[in-house]
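**Student:** generate a structure from the sequence data that follows.
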Amino acid sequence: MNDHVLEHPDLELAADSNQTLNYKCDPNNFLTQLFGEQMPAIKTGFFNIYLSKGKIVEPHWHTNVTEMIVVISGEVTASVFNPFTHRLMTYRLKPGQVAVFPKGWFHWFVAEADHTYTMAIFDQPTPDIVYGADFLRSLPKDIVELAYCVDGEEFAKAVAPIRESVILGPPIGCRESMPVMRMTGDVSTSYMPPEYSRYCVESSYTTSNEQLKMETLQHVEICVTQGLDEARQYSAEHTLRKTSARSYLIGKGYHPSTAAQLVESWQL
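**Tutor:** Next up, the predicted model:
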């Protein structure tokens, strides 16, 4: 079969993938691309993804392509939900290492180091993308109540700040928009996730005892909450081992949510 693109008299077989900006969060966090629109002869397509530590490529899936990410520099934690086993598969990737996200599988990844550069390569020249942010904000509150038996009004309030595709998160200014942590009894009823206070905006921490106390409590709260939930189902030894493992990973610099995902994937 003839390939009319290759037969075209103006055929180009070289291109610059840095020229077309897809999305920019700030000078250190942005995407450039090379797809069929930029280079008709290409049979695949890819994003160049540049990230600072703590930035996330938001949860999403593709309806028409399989994606492979290749870490060029820095480090990422990549997660993908397996729809057959209902298992979240999580991988810590360093330069030269790859992860594959099959077509239709929900996935995301987080930069674990500054100056992270990752290529996201697709098996088609034009990928379709469904962002988790768009899906969440499109769910009617009455459908959420009917399907999951949760408070529709509370769900609507929770997703109300999501007004557009996040693409690279967390959104700028998210720390100011999150609720303040309130401790009530053994579990906090509303708290700022530790990863927001650490990564969302640049902060200048002082070493006062009170600030150190609050910072520490925020970072361990997710481990405490998960440990209490597990203690109702498992033995004290099992709960202590998983809680200690999560705390150890957080101490090594992992996001609390990423640490939890990794420990769960180990099936201790």
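**Student:** SS state for the residue nearest to residue 262 when sequence neighbours are not counted?
**Tutor:** Excluding the flanking residues, the one nearest residue 262 by Cβ to Cβ, 6 or more residues apart in numbering is residue 90, at 5.4 Å. Heads up, the C-betas are built off the backbone N, CA and C, glycines and all. What DSSP: H, G, I helix; E, B strand; the rest coil gives for residue 90 is strand.
**Student:** show me how far stretch 42-62 is from its chain's centre.
**Tutor:** Relative to the mean C-alpha coordinate of its chain, stretch 42-62 is positioned 10 Å out (Cα atoms, centre = their mean, to the nearest Å).
**Student:** now the end-to-end length of that stretch.
**Tutor:** Across stretch 42-62, the terminal residues are separated by 19 Å (Cα to Cα, to the nearest Å).
**Student:** how about the helices in the stretch 1-150 of the chain?
**Tutor:** Here the stretch 1-150 of the chain has its helices, by DSSP state H, counting those that start in this stretch, at 4-7, 132-138, 141-148.
**Student:** check those for me: which has the lowest mean pLDDT.
**Tutor:** Lowest mean pLDDT within the helices of the stretch 1-150 of the chain: helix 4-7, at a mean of 83.
**Student:** now do the domain split for this protein, please.
**Tutor:** 4-129, 170-266 (automatic domain parsing).
**Student:** any idea how far residue 43 lies from residue 120?
**Tutor:** 16 Å (Cβ to Cβ, to the nearest Å).
**Student:** the more surrounded of the two?
**Tutor:** Neighbour totals were compared for residue 43 and residue 120, and residue 120 leads with 19 against 11 (other Cβ atoms under 10 Å).
**Student:** and the closest residue to the more buried one other than its chain neighbours, bridged to which residues?
**Tutor:** Distances taken as Cβ to Cβ, 6+ apart place residue 47 nearest to residue 120, at 4.4 Å, with adjacent residues excluded. Here residue 47 sits in beta bridges with residue 33, residue 120, as judged by DSSP bridges.
**Student:** wait, residue 47 touches residue 23, no?
**Tutor:** No: with contact defined as Cβ atoms under 8 Å, residue 47 and residue 23 do not form a contacting pair (9.0 Å).
**Student:** which of the domains of the chain has the lowest mean pLDDT?
**Tutor:** domain 170-266 (a mean of 61).
**Student:** contacts only, for residue 156.
**Tutor:** residue 141 (Cβ atoms under 8 Å, 6 or more residues apart in numbering).
**Student:** which element follows the helix or strand in which it is found toward the C-terminus?
**Tutor:** Using DSSP states H and E, residue 156 maps to helix 152-159. Using DSSP H and E, the helix or strand that directly follows helix 152-159 along the chain is strand 168-169.
**Student:** adjacent strands (with direction) for that next one?
**Tutor:** Here strand 168-169 is paired, per DSSP bridges, with strand 56-61 (antiparallel).
**Student:** for the spatially closest residue to residue 125 that is not a sequence neighbour, phi and psi?
**Tutor:** Of all residues not flanking residue 125 in the chain, residue 36 sits nearest, at 3.4 Å (Cβ to Cβ, 6+ apart). Main-chain torsions, residue 36, degrees, to the nearest 10: phi -60, psi -30.
**Student:** if I look at residue 36, how far off is residue 46?
**Tutor:** Counting by Cβ to Cβ, the gap from residue 36 to residue 46 is 11 Å.
**Student:** then residue 71?
**Tutor:** Separation of residue 71 from residue 46 (Cβ to Cβ): 13 Å.
**Student:** quick one: which of the two has more around it?
**Tutor:** Shown here are residue 71 and residue 46; by other Cβ under 10 Å, residue 71 has more neighbours (24 against 21).
**Student:** contacts only, for the closest residue to that one other than its chain neighbours.
**Tutor:** Leaving aside its chain neighbours, residue 71 sits nearest to residue 93 (4.7 Å; criterion: Cβ to Cβ, 6+ apart). Counting by Cβ under 8 Å, 6+ apart, residue 93 makes contact with 69, 71, 75-78, 99, 109.
**Student:** same question, residue 168
**Tutor:** 23, 25, 29-31, 51, 55-58.
**Student:** in ChimeraX, how would I select the buried members of these?
**Tutor:** Buried residues within the contacts of residue 168, by 16 or more other Cβ atoms under 10 Å, are selected in ChimeraX with:
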select :25,29,30,31,51,55,56,57,58
